[in-house]
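A.B. asks: Would you be able to build a 3D model of this:
(chains A and B)
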Amino acid sequence: MQIIFKPLATFGRYMQLMAKVFSRPERIRMYLKQYVKEMQQLGVDSIGIVLMISFFIGAVICIQMKVNIQSPWMPRFTTGYTTREILLLEFSSSIMCLILAGKVGSNIASELGTMRVTQQIDALEIMGVNSASFLILPKIMGLLTMIPVLVTFSMAAGFGGAYAISLAGILTPEDLTYGLQHSFNQWFVWMSIIKSFFFAFIIASVSAFYGYTVEGGSVEVGKASTDSVVHCSMLILFADIFLTQILS
Amino acid sequence: MIEIHSLYKSFEDKDVLKDINACFVEGQTNLIIGQSGSGKTVLMKCIVGLLTPTCGQILYDGRDFVAMGKKEKALIRREMGMIFQSAALFDSMSVLENVMFPLDMFSSMTLRERKKRAQQCLDRVNLTDAGRKYPGEISGGMQKRVAIARAIAMNPKYLFCDEPNSGLDPKTSLVIDALIHDITVEYQMTTIINTHDMNSVMGIGDSILFIKEGREEWKGDKTQVAISTNQALTDFIFASDLLKKARQAFA
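C.D. replies: Down below sits the predicted model:
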């Protein structure tokens, strides 16, 4: 029975926390200040890693497509076409969010966990501040605001990586460019962005839940950080199945 | 004034607090003392509302804190200041921002007024030039003083200190004790201090509640504590060899 009740109890506690998070803020000005700070910390500070990973993955996908799919029987634009579809449909939303679950998720969980064990959250509660809302809502809103930017940057950097490979002579830039533009469906970009909103919410809220509810010391903070990454990743992959089915 | 009537607190099957009755008067430093694990921190957490008692009453100037709703509790919390064992300063904020935080959240002052008030509080704890520093850049004693400045920023009626001298050297502890005592008298606050520091007991114990295994064992003040015949209290107070010898010499 433990295997059924434990996840249910955890889900119940998560929902209770979310009810506290989405209650009316005490002072909007302070929330806005936090919101801007979180956009910087969770979004802007992630641009570098998103660009770097996307550039290299774009390049690698392009090489793999060229080496494994291209044949005299296939049109020459196939490499560019498949590279674009992979980047737009899965990499820039799902895989990028899995990477962000590691970077941003562990950051949120360890920050809130440390605040909990050093009694900073208790200090907020004693002052009469709704600590859950004050600390978590700006993180959720900040990441939701920045995720379309990160996804768009990821797409652009992925195409940049593929183009860099074409300049290296593995395939011609003309073939790649034609493939990237061939049968382009604008909806795929929107689909990617819509999916990323769901993933961003999962990353921010689930990581915050694990960090906020830490009990103990530094070992528990480390465990919360790991748990948040594992659970965010699982939920993202799980949600991806449904979202892909619904949005395709 | 804070009154506690028949307070009980249990965790699952374990009774941590049993029938606690106490009265903490304003303008005095009220100490709660006892061994580690005796229930001091649980009592403090019940008083400030971080834990809900199993049963009993906690009256803030006659207002029952346990029975009241969330909104009323939030209003009372704005009359509270608390100094934590670890100071609990916000790492991401400078010292001045830490002290300004409660003002930013709850006061209707302008930015200039808030800064002025926060600086006054820092001046009061002798940290005039520390405003721009971050908590990680200052010593433990200074962090405690910043915590005091933050706690008094909103002119609280009730001040709570959870082992304020923990981790400090004896000399700095005396400074913190004196500061808390002076501020209590100056602002006429109801101050409750959790401690097992004997210097604090002898120095600022205007009123002392000794807890043993979750029960109130002894009540009195600093003048009575050394001459008490309560065996449990005597064992606790004179646990160190130094104090034992001092007592024998005094006798």
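
A.B. asks: Next up, the contacts around the residue of the stretch 1-150 of chain B found nearest chain A.
C.D. replies: Using C-beta to the nearest C-beta, the point where the stretch 1-150 of chain B gets nearest to chain A is residue B:77, with a distance of 3.5 Å. From N, CA and C alone the C-beta is placed, and that goes for glycine too. Neighbour list for residue B:77: A:125, A:126, A:127, A:128, B:49 [criterion: C-beta atoms under 8 Å, 6 or more residues apart in numbering or on different chains].

A.B. asks: Let me have these in a markdown table, extended by distance to residue B:175, pLDDT and secondary structure.
C.D. replies: Shown next, in a markdown table, are the contacts of residue B:77 (distance: C-beta to C-beta, whole Å; pLDDT from 0 to 100; DSSP: H, G, I helix; E, B strand; the rest coil):
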| residue | distance to residue B:175 | pLDDT | secondary structure |
| --- | --- | --- | --- |
| A:125 | 28 | 89 | helix |
| A:126 | 24 | 87 | helix |
| A:127 | 25 | 87 | helix |
| A:128 | 29 | 85 | coil |
| B:49 | 30 | 88 | coil |
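
A.B. asks: any chance of these in a markdown table, with distance to residue B:61 and neighbour count too?
C.D. replies: Output for these, formatted as a markdown table (distance: C-beta to C-beta, whole Å; neighbours: other C-beta atoms under 10 Å in any protein chain shown):
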| residue | distance to residue B:61 | neighbour count |
| --- | --- | --- |
| A:125 | 21 | 18 |
| A:126 | 18 | 24 |
| A:127 | 19 | 24 |
| A:128 | 17 | 20 |
| B:49 | 15 | 20 |
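
A.B. asks: Looking at the residues you listed, point me to the pair that's furthest apart.
C.D. replies: Farthest apart among the contacts of residue B:77 by C-beta to C-beta are A:127 and B:49. That separation is 11.6 Å.

A.B. asks: Give me the next element, helix or strand, following the longest helix anywhere in chain A.
C.D. replies: Counting by DSSP state H, the longest helix found in chain A is helix A:131-167. On the C-terminal side of helix A:131-167, the nearest following helix or strand under DSSP states H and E is helix A:173-181.

A.B. asks: need the residues of the stretch 151-251 of chain B near chain A, please.
C.D. replies: residue B:160 (C-beta under 8 Å from any C-beta of the partner chain).

A.B. asks: Which stretches in the stretch 151-251 of chain B count as helices?
C.D. replies: Secondary structure of the stretch 151-251 of chain B by DSSP state H, counting those that start in this stretch: the helices cover B:170-187, B:198-204, B:222-225, B:231-237, B:241-250.

A.B. asks: ok, and what's touching the shortest one?
C.D. replies: This means helix B:222-225. B:201, B:202, B:203, B:204, B:205, B:206, B:208, B:233, B:237.

A.B. asks: For PyMOL, write a command that selects the buried ones of these.
C.D. replies: To isolate the buried ones among the contacts of helix B:222-225 in PyMOL, judged by 16 or more other C-beta atoms under 10 Å in any protein chain shown, type:
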select buried, chain B and resi 201+204+205+206+208+233+237
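
A.B. asks: and which of the contacts of helix B:222-225 is nearest to residue B:44?
C.D. replies: residue B:208 (14.7 Å).

A.B. asks: ok, now how distant is that closest one from chain A?
C.D. replies: Using C-beta to the nearest C-beta, to the nearest Å, residue B:208 is found at 24 Å from chain A.

A.B. asks: how near is the closest residue to that residue other than its chain neighbours to residue A:88?
C.D. replies: By the measure of C-beta to C-beta, 6 or more residues apart in numbering or on different chains, the closest residue to residue B:208 outside its immediate chain neighbours is residue B:31, 4.7 Å from it. Residue B:31 sits at a distance of 67 Å from residue A:88 (criterion: C-beta to C-beta, to the nearest Å).
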